[in-house]
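Participant: Turn this into a model:
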Amino acid sequence: MLPCEHGVVVAVADGAGGTSGGDRAAKAVVDAVVATGSHAYDWAMLLAELDHSQIGYGQTTAVVLWVTREKIVGASAGDSGAWVIRGSEIEELTSAQHRKPLIGDGAIVTSIEAAPLGTGTLLVASDGLLRFARSEDIARIATGPDLAIAARQLVELVRLPSGQVPDDVSIVLCRQATS
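Facilitator: Numbers count the residues shown, from 1 in each chain. Prediction:
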């Protein structure tokens, strides 16, 4: 999460397992978002440019959002996701995205534009959470009073008896300040 003028920029990238360079591709996405540091950047264009430059370098998912009091805008590709949770209601911001191919393999980048967060909770997460936990359990935990505790509980939700997780789990939770 990167504070910027009028809000924050949130980015999650999850390198593809089973391919070499997935970790480097994911880091390249996050580094490019941080280097841009601009709230008004065309995030779909950035992800498309990274896709072109990443070919042969690794593959990754990505969700990048600029969150303000007035709107949520951004872009995504792959199977990481973004939800706005209001009580038990889930608005899946990334429902129209293409899960395959990933960034680095000819991704189809999808733009995101949504209403303001308001009193909701924004969840941006990798498929390690979204694929292995029930949406109603995720919503219940994510809307708890303490976001740091909720993030830890979400990881525990998918932890196996062995102590491992079935896939990488990246989570960002945020709410609009009430002041």
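Participant: residue boundaries of the strands in this protein?
Facilitator: Assigned by DSSP state E, the chain shows strands spanning 2-4, 7-15, 60-68, 72-77, 81-86, 89-92, 110-114, 121-125, 171-175.
Participant: Helices along this protein, start to end?
Facilitator: Ranges of helices within the chain are 22-36, 43-54, 127-130, 135-142, 147-158, based on DSSP state H.
Participant: So for the shortest one, mean pLDDT?
Facilitator: It refers to helix 127-130. Averaging pLDDT along helix 127-130 gives 94.
Participant: Only alpha carbons, please: show it as PDB.
Facilitator: What follows is helix 127-130, C-alpha atoms only, in PDB (Å, rounded to 0.1, in the frame of the first residue of the first chain):
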ATOM      1  CA  ASP A 127      -5.400 -16.900  -5.200                       C
ATOM      2  CA  GLY A 128      -3.800 -18.600  -2.300                       C
ATOM      3  CA  LEU A 129      -6.600 -17.200  -0.200                       C
ATOM      4  CA  LEU A 130      -9.400 -16.700  -2.700                       C
END
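Participant: helices or strands next to it in the packing?
Facilitator: helix 147-158 (3 or more CB pairs under 8 Å, 6 or more residues apart in numbering; DSSP states H and E). (Glycine included, C-beta is placed from N, CA and C.)
Participant: just the second one next, same as before
Facilitator: Contact here means 3+ CB pairs under 8 Å, 6+ apart; on that basis helix 43-54 packs against helix 22-36, strand 60-68, strand 72-77, strand 110-114.
Participant: how about 7 Å then?
Facilitator: helix 22-36, strand 60-68, strand 72-77 (3 or more CB pairs under 7 Å, 6 or more residues apart in numbering; DSSP states H and E).
Participant: so how far is the longest one off the chain centroid?
Facilitator: For helix 22-36, the distance from its own C-alpha centre to the chain's C-alpha centre is 13 Å (CA atoms, centre = their mean, to the nearest Å).
Participant: Hey, what's the angle from that helix to strand 7-15? Just curious.
Facilitator: Orientation check (axes from the mean of the first three to the mean of the last three CA atoms, to 10 degrees): helix 22-36 against strand 7-15 gives 160 degrees.
Participant: now the shortest one
Facilitator: What separates the directions of strand 72-77 and strand 7-15 is an angle of 10 degrees, with the same axes, to 10 degrees.
Participant: Please apply the same query to the second one.
Facilitator: Our comparison of strand 60-68 with strand 7-15, counting by the same axes, to 10 degrees, yields an angle of 170 degrees.
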